[in-house]
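> I'd like to go over a predicted model; first the sequence, then the structure.
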Amino acid sequence: MPNQTKNHTSPLTLGSIRYETVRLRPYQLNAAICLVCNNLLISEHVHDFVACDCGNLAVDGGMEYLKRSWGGRGWRELSLKTGEDVT
C-alpha cells in the first residue's frame, strides 16, 4: 500500500541527503463567532463541522478551506491565512 502521509510529497534522496517537500496549509486558523449566542467556533480538521448553540452559524474545513453555513443573522470572521500576522 502506498504511503499516504498527509501534506507531504514523495521524498527525494540524492546520495546521503534526503529532501522532502512539505505543502503548507492555506489557513492557520478556521474560526468565526456567532453574534447571536456569542459562541466561538473553531474547525480543526477537514471534516470538523462545528455549529453554534443557537443554530445560526456553522464552520467547516479545518485548515484546508473555509466553509460557512448561517441562518441570516450576524456572525464575524476570525480566520487567519498561513503567514498572516495577528494584529
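Looks like it came in fine. Numbers count the residues shown, from 1 in each chain.
> where does this structure dip in pLDDT?
Flagging of the chain using pLDDT under 70 yields the residue ranges 1-12, 14, 18-24, 86-87.
> Strands along that one, start to end?
Using DSSP state E, the strands of the chain run over 12-14, 17-19, 27-29, 31-34, 40-42, 50-51, 57-60, 67-70, 75-77, 80-81.
> quick one, which of those strands is packed in tightest?
Burial of those is given as mean neighbour count (mean count of other CB atoms under 10 Å); strand 57-60 ranks first at a mean of 23. C-beta here means a position set from N, CA and C on the backbone, and glycine is covered the same way.
> quick one: strands adjacent to that strand?
Partners of strand 57-60 in the sheet, by DSSP bridges, are strand 50-51 (antiparallel), strand 67-70 (antiparallel).
> Need the contact partners of the longest one.
Strand 67-70 is touched from outside by 32, 51, 56, 57, 58, 59, 60, 61, 75, with contacts defined as CB atoms under 8 Å, 6 or more residues apart in numbering.
> Could you identify the most distant pair in these?
56 and 61 (18.2 Å; CB to CB).
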